[in-house]
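> no FASTA, just this:
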């Protein structure tokens, strides 16, 4: 079974205010950091990041929320690569593994956990920005291949004399990047191959009833990027196509894995045109198409879904001696092609925005950003303010405040398409003021949710060998639309029968605290530690249930020992507190087959767990070739993220990287 996403964390992550990203307090992870941490797929990056919580049932499709900016039910993450925005929403989840991004092409990754203005987009649920390598001269060939085995899973050998223990395969997965560059531009081609085996016994009873007992996902994604210096500026074109077969994606509203084939197209065009030494015009145009089709298996509905997204914006930036002002306007169009009868199959969102970044003195920087968007019959306003103050003795304090309006319409949420008549499932017992009825018949346009946030961070040295950071995060959300589920269990099909209800006017207030530190214990031995805590101050019942699914406590300690210039050992210890899932209370405990003569149970909570990961990495041939051996979950504890999801056990990974130029 695929067991690749485990809490590998980075040792050298830096939190700082980026002048080019209005309102953001961000974290930067470099390619060197990712190699030291044992990254095997793109979505692993979330588990390297401070302030993020993740959730999965199968180890391939992950939901992520950045420092309390949402819940697992409605994650809204903005994803960018270089000068392009990517559409990472695949039906009801955000999946970085389906974007066709090759790890070998990445130079760094920037993650933001506070609202920010990024490339003309007001990000309200956190963002991740990929930056590709900018080596300019000559040819280069980079790539990686990784594969692994998980012990203790009977897997397909359960009826043989090798039933226990069994070694279950992971992958193999591979990627390759071929690039050529000079002072006038760069051309890059990538090819990504991913395989995932949905063989965990928590999933197998359901997938067997659908039609395949041990389904495998095969996903291929070629891409091509051209950077060109033209008309005095830089311009970039990107094209990527992805195709996957037998993507078994857990759908909680349906109560089982929905097997689909997937076809994605992503096109991007962007660049800048200097008007003078202090003024530049920037343009961006991006198109994305996500098509899900039903695989030839037994599922009780016709899964036809092709969503298109066209986004463009034009921006003018003027730089002064101590300030930069940006003005911009943009237009997003969304459409859905389906056999369902929709009240409207397309809509547009128009927006204007502006930002000011200024540093009137050598110690203080200010950033202000605001936007107004018009969609349907509503206008959505967003405003962000950040101040960063450098104190004496290498101490910094950063404050960020934001007030934004969020809507399923503006965020292209599935709630909006269900409201318009996409009949994947219906809601019953709708809250006031909406009466129960068929989707699309009686449900008016959703009102926007009002989200206020406040982030404070203090960074300071602790002696000559360490730096510490303390922070607080406050979130307040009102007028929120959530789905409430009542889940029953069918022991004959191992499916879950789900009654979905729509809850309006939900609200919550939460307060989080976090502390982290980075330092050196002795030459070659570095450490990083972090702790974070969330407390619900006030919330309605349904919103409280959503926050009970997020661990209250999380602790991580990482060590990196650079024994020699080309040999290192990494150790990561992560511990999280238990979570409760009230939607599953009615079925707890529910029995499902675990092996030939035994069974296991689903419950309505996930127990606390502690995970230890170990990596040994050796570089050869003047660092052109590197090999890594990873032991994930070294103590073989039952690491689980979802009450009816996969369990992550002891896993051995082998990874080979090469870089030729």
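Thanks, I have it. Small disclaimer: the values here were computed from a predicted structure and weren't measured.

> all contacts plus neighbour counts: C-alpha atoms, from now on.
Will do.

> these two touch, right, residue 88 and residue 95?
Yes. Contact criterion Cα atoms under 8 Å: residue 88 and residue 95 qualify, at 6.0 Å.

> Which strand runs longest in this protein?
strand 496-522 (DSSP state E).

> buried sites along that one?
Of all the residues in strand 496-522, those buried under the rule 16 or more other Cα atoms under 10 Å are 496-520.

> Over to stretch 326-340?
Buried, per 16+ other Cα under 10 Å, within stretch 326-340: 326-336, 338, 340.

> How about stretch 606-621?
Going by neighbour count (16+ other Cα under 10 Å), the buried part of stretch 606-621 is 606-608, 610-619.

> Let me know the closest of these to residue 248.
residue 606 (22.1 Å; Cα to Cα).

> where in the stretch 551-661 of the chain is pLDDT low?
Applying pLDDT under 70 to the stretch 551-661 of the chain picks out residues 594-598.

> what's the following helix or strand after the helix-or-strand element of the chain with minimal mean pLDDT?
The weakest-scoring helix or strand in the chain, judged by mean pLDDT, DSSP states H and E, is strand 14-17 (a mean of 32). The helix or strand immediately downstream of strand 14-17 is strand 25-30, counting by DSSP states H and E.

> roughly how far out does the helix or strand just after that following strand sit from the chain middle?
Toward the C-terminus, strand 25-30 is succeeded by helix 31-37 as the next helix or strand (DSSP H and E). For helix 31-37, the separation from the chain centroid amounts to 18 Å (computed by Cα atoms, centre = their mean, to the nearest Å).

> same deal with stretch 178-192?
26 Å.

> how long is it end to end?
Stretch 178-192 has an end-to-end distance of 12 Å (Cα to Cα, to the nearest Å).

> shaky segments in the stretch 251-400 of the chain?
294-303.

> Also the stretch 1-150 of the chain?
Along the stretch 1-150 of the chain, the model assigns pLDDT under 70 to residues 1-25, 135-136.

> now the strands for the stretch 351-500 of the chain?
364-375, 378-390, 396-406, 449-461, 466-489, 496-522 (DSSP state E, counting those that start in this stretch).

> mean confidence score for the fourth one?
The average pLDDT for strand 449-461 rounds to 94.

> one step back: could you redo the strands of the stretch 351-500 of the chain as TSV and give each row distance to residue 220?
Putting these into TSV (distance: least, Cα to Cα, whole Å) gives the following:
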stretch	distance to residue 220
strand 364-375	35
strand 378-390	38
strand 396-406	34
strand 449-461	38
strand 466-489	34
strand 496-522	31
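
> Turn the buried residues of stretch 326-340 into a markdown table, including distance to residue 348 and secondary structure.
As requested, the buried residues of stretch 326-340 are exported to a markdown table (distance: Cα to Cα, whole Å; DSSP: H, G, I helix; E, B strand; the rest coil):
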| residue | distance to residue 348 | secondary structure |
| --- | --- | --- |
| 326 | 23 | strand |
| 327 | 20 | strand |
| 328 | 17 | strand |
| 329 | 14 | strand |
| 330 | 11 | strand |
| 331 | 7 | strand |
| 332 | 6 | strand |
| 333 | 4 | strand |
| 334 | 6 | strand |
| 335 | 9 | strand |
| 336 | 12 | strand |
| 338 | 18 | coil |
| 340 | 20 | coil |
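
> quick one: which of the residues you listed is nearest to residue 558?
Using Cα to Cα, the buried residues of stretch 326-340 come closest to residue 558 at residue 326, 39.9 Å.

> Can you give me the distance of the nearest residue to residue 510 once chain neighbours are set aside to residue 509?
Nearest non-adjacent residue to residue 510, counting by Cα to Cα, 6 or more residues apart in numbering: residue 536, 4.4 Å away. According to Cα to Cα, residue 536 stands 6 Å off from residue 509.

> ok, and residue 622, which helix or strand is that part of?
In this assignment (DSSP H and E), residue 622 forms part of neither any helix nor any strand.

> Neighbours of it, how many?
Residue neighbour count, defined by other Cα atoms under 10 Å, stands at 8 for residue 622.

> what's the spacing between it and residue 252?
49 Å.

> again, but for residue 621
Residue 621 is 49 Å from residue 252, by Cα to Cα.

> just residue 233 next, same as before
Distance from residue 233 to residue 252, by Cα to Cα: 47 Å.

> And for residue 91?
Taking Cα to Cα as the measure, residue 91 falls 12 Å from residue 252.

> separation between the closest residue in space to residue 533 that isn't next to it in sequence and residue 640?
Once flanking residues are discounted, residue 533 sits nearest to residue 553: 4.8 Å by Cα to Cα, 6+ apart. Plainly put, residue 553 is 15 Å away from residue 640 if you go by Cα to Cα.

> what's the answer for residue 335, then?
36 Å.

> Repeat that for residue 452.
Residue 452 is 32 Å from residue 640, by Cα to Cα.

> So residue 281 is in contact with residue 235, correct?
No. Using Cα under 8 Å, residue 281 makes no contact with residue 235, being 11.7 Å away.

> joint contacts of these two?
Jointly contacting residue 281 and residue 235 under the rule Cα atoms under 8 Å, 6 or more residues apart in numbering are residue 272.

> thinking again about what came up before, give me the number of neighbouring residues for the residue nearest to residue 533.
19.

> Let me see the contact set for it.
By Cα under 8 Å, 6+ apart, the residues touching residue 553 are 531, 532, 533, 534, 576, 577.

> again, but for residue 448
380, 405, 406, 407, 408, 479, 480.

> And it, its phi and psi?
phi -70, psi 150 (degrees, to the nearest 10).

> Check residue 189 too.
Main-chain torsions, residue 189, degrees, to the nearest 10: phi -120, psi 140.

> Not including adjacent chain positions, what is the nearest residue to it?
residue 224 (4.5 Å).

> Okay, and the one you found sits in which element?
strand 216-230.
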